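Undergrad: Quick one: sequence plus predicted model below, questions after.
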Amino acid sequence: MKHLSLVALFTLSFIVLKAQYFVPELSSDQINRGKEAYAVTNAGDTVSGRVTTVMLAMGQLRSFTIKKADGTKAKFKSAGVQSLAVKPSKLANIESAMSVQSITRASSINFDDVINREWVYFEKALLPKKKDKPVMMQLLNPGFDSKIKIYLNPNAKETKGLSLGGIKVTGGDDKSYLVVFDGGKSVVYKKSKYKKDALNELYKNCSVFTENYQGEKFKWKNFAEHVFVYDQLCD
């Protein structure tokens, strides 16, 4: 990184030490076992309770049912809601932490944060090839998503990696994510595209970020860290 003032360098170092990760995907079964949930409808109403049924297809939330405290049920299709928040059970969080598929990937994740995470969010976003029809997908970077939102790409394929004695040592990383910048349309960011274009196309209009990362190789394994730093440093 380039030379900065002592204060700026200290701030950036502190942020990097706190660097985040993209949270593991929550399955339909784990959503059903969630302790609490609430949905925000297109009209702005909030419906709280527990999710009893859910339909997920290709990473997209299609429909779900919430059982409210009084025992009544409210059924929703994704077109009728703005968002869904689910508080996973402790077991679901442990399962998510254990689902990480390689030692290399596991080394970049704070498992205490995964196990103790409070909420998982599903939000609407436009797919790259869809003009006016948003779909609901799990937000993978909650808490540092004010500028850039990351979603699972349902068409992504994982890296094969290397296995030793039946244990995957490397690989298991998604080859692409759906990225939404500043509320726009989602863009598929692949590993090769990220290395080549991230600084000029994704992390733009932020001199502090540019000055610190100019000339550095944008490694795919540091994607979450870069999104977090950009979120914290840039207006």
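TA: Yes, it's here. Numbers count the residues shown, from 1 in each chain.
Undergrad: how about the strands in the protein?
TA: 36-41, 46-57, 60-67, 73-77, 81-87, 120-126, 134-138, 148-152, 163-164, 167-168, 176-181, 187-190 (DSSP state E).
Undergrad: Dig out what V135 forms beta bridges with.
TA: Per DSSP bridges, the residues bridged to V135 are A125.
Undergrad: How about the contacts made by it?
TA: Q60, L61, S78, K124, A125, L126, L127 (C-beta atoms under 8 Å, 6 or more residues apart in numbering). All C-beta atoms are positioned from the backbone trio N, CA, C, and that covers glycine.
Undergrad: Please repeat the previous calculation with a cut-off of 10 Å.
TA: 57-62, 78-79, 122-127, 151, 154, 178, 186 (C-beta atoms under 10 Å, 6 or more residues apart in numbering).
Undergrad: How about F22, nearest residue that isn't a chain neighbour?
TA: L140 (4.1 Å; C-beta to C-beta, 6 or more residues apart in numbering).
Undergrad: residue closest to the middle of the chain?
TA: By C-alpha atoms, centre = their mean, the chain has its centre lying nearest to L140, at 0.9 Å.
Undergrad: is it true that that residue touches F228?
TA: No - with contacts counted by C-beta atoms under 10 Å, L140 stays clear of F228, the gap being 12.0 Å.
Undergrad: where do the contact lists of these two overlap?
TA: Common neighbours of L140 and F228, using C-beta under 10 Å, 6+ apart, are Y21.
Undergrad: ranges for the helices of this protein?
TA: 6-17, 28-32, 90-98, 103-106, 111-115, 191-197, 207-213, 223-233 (DSSP state H).
Undergrad: among these, which gets the worst mean confidence?
TA: Across these, helix 103-106 has the smallest mean pLDDT, namely a mean of 38.
Undergrad: P142 against E118, yeah?
TA: Yes - counting by C-beta under 10 Å, P142 touches E118, with 9.2 Å between them.
Undergrad: re earlier: please render the strands of the chain as TSV that adds mean pLDDT to the earlier fields.
TA: Output for those, formatted as TSV (pLDDT from 0 to 100):
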stretch	mean pLDDT
strand 36-41	96
strand 46-57	95
strand 60-67	96
strand 73-77	97
strand 81-87	94
strand 120-126	91
strand 134-138	91
strand 148-152	92
strand 163-164	36
strand 167-168	34
strand 176-181	90
strand 187-190	89
